[in-house]
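# Build me a model:
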Amino acid sequence: MPQSKVSRSRWTPLYVGAFALTAAVVLASCSSSSGSSTPTTTPHTNSQLAVDLKAAPATLTAAGSTFVQPFFTAAFYDYTGKNSKVQVNYQGVGSGTGITDFQQGSVDFAASDVPMKASDLAAVPASKGTVLQIPDILGGVALSYNLPGVKSGLKLNGSTLVGIFDGTITQWNAHQIAVLNPGVSLPAHAITAEVRADSSGTTYIFTDYLSAVSTSFASSIGTSKTPAWPASAVATPKNSGVAASIKSTPYSIGYVELAYALQNNFTNAAVENSAGKFVQPSLVTVASDASAAHHVTPTDFSIVNEAGAASYPIAGYSWAILLMKQTNAATGGAIVKVLDWTTQSGGGQRQARGLGYVALPQAIQASDRASLMKVTGPSGTSLLAS
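Next up, the predicted model:
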């Protein structure tokens, strides 16, 4: 088992409402709109967003992905600033724990970077009815490193990343790394591989990529939210925990959601894509990767290693998870209105660029709204349309 470096409590509250906000995210979110492209909206879209902001009073609880946490924090803060009658308390506890909380009915909705699979859905009581899963944001997974003397320009390919994270490449000046980086003075020092200690959708996206480029990795460690990393890896809960560990550990490398890499001013590796090009993670290169996957569903959602010379190959969507039939009209109405507003260009998606995310493609925004329109209250009528 990997060695555990940081022990953190499960609950890290992010109280998002009229009176409180997590300070670390506020710094990024306050200027986020200025860096965004002008959203494209239609009269119908503007009309629905106005309805969204009239949700009845409610206090919502949600939990899950730390991948989406900075975005949700800013978007929900923006929403409640416009409709203070609704408060949203989102807990960034990791995708796996968020799914468990949703299954147990302790949250109103959840978020995960990998949709619930059939076995996860089977754990939701049948009396609760159908589960709806919709994309809420698009992001990349950066390979961030703390390598004294190498401030930029490091290139890594799939087989080298597999070796670093399965423990078969242990030194920074190993031949496999050196041959990709001619002219770079690589230190003769052990590599510290930084990984997640919790059930993590970010880990799923990263291992999905490693499995896509390596059949040996796919058949050994494999694609998972909780892979069996080698004992030499340093395991830390949450994206924020891995980011802190990378920052404090010279000669380390780890995977974090791009927003965390940008917030920490990390140096990130250029990763070889399916076209043989080494590409840095950025909003443009993540969007390029996603553009090759024209349609995603809860059962067909992987977008790693897509075609395109400009594509960064480690990217994925975060997914919001809720019940199709809500038992409380006020709470259910607030859930669908907050999530509709959050997933539209005229609403929360305006926050994406300034926080290091890519706004949802217009086709996915339309699909999200169509899905949310089908969520009903106790009377069987659409909660979003009312």
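
# make it CA atoms for all contacts and neighbour counts henceforth
Will do.

# Once you drop chain neighbours, what's closest to residue 58?
Leaving aside its sequence neighbours, residue 58 sits nearest to residue 86 (C-alpha to C-alpha, 6 or more residues apart in numbering; 4.9 Å).

# ok, the one you found - contacts?
Neighbour list for residue 86: 17, 55-60, 80, 334 [criterion: C-alpha atoms under 8 Å, 6 or more residues apart in numbering].

# Neighbour-wise, which one of the residues you listed leads?
Ranked by neighbour count (other C-alpha atoms under 10 Å), the contacts of residue 86 have residue 334 at the top, with 27 neighbours.

# if we can go back for a sec, which ones among the contacts of residue 86 lie within helices?
When the contacts of residue 86 are checked against helices (DSSP state H), the matches are 80, 334.

# With distance to residue 122 added, can I get the contacts of residue 86 in CSV?
Formatted as CSV, those follow (distance: C-alpha to C-alpha, whole Å):
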residue, distance to residue 122
17, 33
55, 31
56, 32
57, 32
58, 29
59, 28
60, 24
80, 34
334, 26
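
# Check the contacts of residue 86 against residue 246 and report the nearest one.
Proximity of the contacts of residue 86 to residue 246 (C-alpha to C-alpha) peaks at residue 17, which lies at 31.3 Å.

# Mind listing what's buried along the strand or helix carrying residue 369?
In this structure, residue 369 sits in helix 362-372 according to DSSP states H and E. Neighbour-count burial for helix 362-372 flags 364-366, 368-369, 371-372 (criterion: 16 or more other C-alpha atoms under 10 Å).

# Return the list of helices and strands in contact with that helix.
Here helix 362-372 touches strand 131-146, helix 329-342, going by 3 or more C-alpha pairs under 8 Å, 6 or more residues apart in numbering; DSSP states H and E.

# any idea of the angle that helix forms with strand 131-146?
140 degrees (axes from the mean of the first three to the mean of the last three C-alpha atoms, to 10 degrees).

# For helix 362-372, report the contacting residues that lie outside it.
Identification of contacts with helix 362-372 by C-alpha under 8 Å, 6+ apart yields 132, 134-135, 295, 336, 340, 343-345, 384.

# at 10 Å instead, please
Helix 362-372 has contacts (C-alpha atoms under 10 Å, 6 or more residues apart in numbering) with 40-41, 45, 48, 132-137, 294-297, 322, 324, 335-337, 339-345, 349, 359-360, 373, 382-385.

# Helix, strand, or coil at the spatially most central residue of the chain?
By C-alpha atoms, centre = their mean, the chain has its centre lying nearest to residue 67, at 3.1 Å. The three-state label given to residue 67 by DSSP: H, G, I helix; E, B strand; the rest coil is coil.

# Please renumber the chain so that the first residue is 49 from this point on.
With the count now opening at 49, the last piece we talked about shows up as residue 115.

# My guess is it contacts residue 143. True?
Yes - taking contacts as C-alpha atoms under 10 Å, residue 115 lies within contact range of residue 143: 8.5 Å.

# Identify the contacts common to these two.
Joint contacts of residue 115 and residue 143 (C-alpha under 10 Å, 6+ apart) are 159-161, 248-250, 286, 366.

# Look up the closest residue to residue 422, ignoring the ones flanking it.
Spatial nearest neighbour of residue 422, chain neighbours left out: residue 430 (5.9 Å); criterion: C-alpha to C-alpha, 6+ apart.

# Across the sheet, point out what pairs with that neighbour.
residue 424 (DSSP bridges).

# Give the full set of residues in contact with it.
Counted by C-alpha under 10 Å, 6+ apart, residue 430 has contacts 372-373, 377, 381, 384, 420-424.

# between those, which is closest to residue 298?
Comparing those against residue 298 with C-alpha to C-alpha picks out residue 384 as the nearest, at 44.7 Å.

# For the closest one, give its distance to residue 283.
Going from residue 384 to residue 283 by C-alpha to C-alpha, to the nearest Å gives 36 Å.

# Residue 115 too?
For residue 115 relative to residue 283 (C-alpha to C-alpha), the value is 17 Å.

# domain assignment for the chain?
Residue ranges of the domains in the chain are recorded as 56-186+365-420, 188-363, according to automatic domain parsing.

# for the last one, the distance to its chain's centre please.
This points to domain 188-363. Put simply, domain 188-363 sits 14 Å off its chain's centre (C-alpha atoms, centre = their mean, to the nearest Å).

# Could you pull up the mean pLDDT of it?
Average pLDDT, domain 188-363: 97.
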